[in-house]
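Colleague: Just to be clear, the model below is a prediction. Sequence and coordinates:
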Amino acid sequence: MKAFIYDMDGVIADTEPVHTKAERIVLQDMGIEVTDEFLAQYQGVTDLMMYEDLKEKFHFAPSAAEVAKKKAALFQKIMREEHVTPIEGILALIEKTHERRKTGLKTAIASSSSRAFISFVVDDLGIRDKFDFLMSGESVPRSKPDPAVYLQTAEHLGVAPVDCVVIEDTKSGALAAKAAGMRCIGFKSPHSFHPNLSMCDAVVTRIADVDLSKW
């Protein structure tokens with residue numbers, strides 16, 4: 001392993017419940033009622049991609065971009081009011097990978113979230129200096145499960161994809177990592193609706209169970 005790459009939502013920051021809350025409010029404002037489990041299928045993809053798909057399903061009047069912008073604003077308002085809750089055990093793991101940077105390990109975040117929100121999370125948690133690179137899905141033409149976000153992260157780090165290990169909590173994210181030719185640790189988050197992580201090289205139910213010595 002020459003690089004360790006973190007997904008953010010659901011792996012570093014306990015944001016999935018807030019994403020779901022904002023998504024439901026925005027849809028309710030348009031008279032659309034959905035369950036949390038229904039929305040779980042969009043975990044790991046960009047807001048724009050999600051609302052483009054939902055527009056095809058529910059035929060609401062505003063554009064997908066307009067709805068995505070409204071949801072993003074509501075989400076960030078809630079997050080700034082409540083601050084970021086880290087996933088249990090993640091700060092200790094980030095500290096371990098940070099320590100291994102002294103021996104040449106590269107570290108990064110590769111998230112479907114916006115650059116602004118990634119910056120907010122790392123600053124709110126005080127972990128910006130623990131990473132060599134922060135990669136946003138805004139910088140690539142296609143969202144996870146397309147591998148572009150991971151391939152560009154590896155290119156920026158100067159590390160071959162085969163030498164990268166990713167930690168992901170969603171099916172789309174894990175598929176993206178594997179399509180990029182990387183090894184992937186699946187994290188079964190308590191807030192995920194039983195995602196299919198069968199393509200992962202290993203699966204943990206607690207971040208504390210990630211054993212870096214195996215990689």
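Modeller: Sure thing, it's come through. Numbering: from 1, shown residues only.

Colleague: helices and strands around the lengthiest helix in the chain, which ones?
Modeller: Ranked by number of residues, the top helix in the chain under DSSP state H is helix 64-82. Contacting helix 64-82 under the criterion 3 or more Cβ pairs under 8 Å, 6 or more residues apart in numbering; DSSP states H and E are the following elements: helix 16-29, helix 47-58, helix 115-125. Where you see a C-beta, it was placed from the backbone N, CA and C, and this is true even at glycine.

Colleague: packing partners for the shortest one?
Modeller: Meaning helix 115-125. With contacts taken as 3+ Cβ pairs under 8 Å, 6+ apart, helix 115-125 sits against helix 64-82, strand 106-111, strand 133-136.

Colleague: Run the angle between that helix and helix 64-82 for me.
Modeller: Using axes from the mean of the first three to the mean of the last three Cα atoms, to 10 degrees, one finds that helix 115-125 and helix 64-82 are set 10 degrees apart in direction.

Colleague: ok, residues contacting helix 115-125?
Modeller: 8, 12-13, 15, 72, 75-76, 79-80, 83-84, 86, 91, 109, 111, 113, 128, 131, 134, 136, 138-139 (Cβ atoms under 8 Å, 6 or more residues apart in numbering).

Colleague: change it to 6 Å
Modeller: By Cβ atoms under 6 Å, 6 or more residues apart in numbering, the surrounding residues in contact with helix 115-125 are 13, 83-84, 86, 111, 128, 134, 136, 138.

Colleague: Over to the first one?
Modeller: If you take Cβ under 6 Å, 6+ apart as the criterion, helix 16-29 is touched by 10, 34, 36, 39, 70-71, 74-75, 78-79, 191.

Colleague: coming back round to it: any chance of the helices and strands packed on helix 64-82 in TSV with mean neighbour count and distance to Lys102 as columns?
Modeller: Shown next, in TSV, are the helices and strands packed on helix 64-82 (neighbours: other Cβ atoms under 10 Å; distance: least, Cβ to Cβ, whole Å):
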stretch	mean neighbour count	distance to Lys102
helix 16-29	19	33
helix 47-58	18	37
helix 115-125	18	20
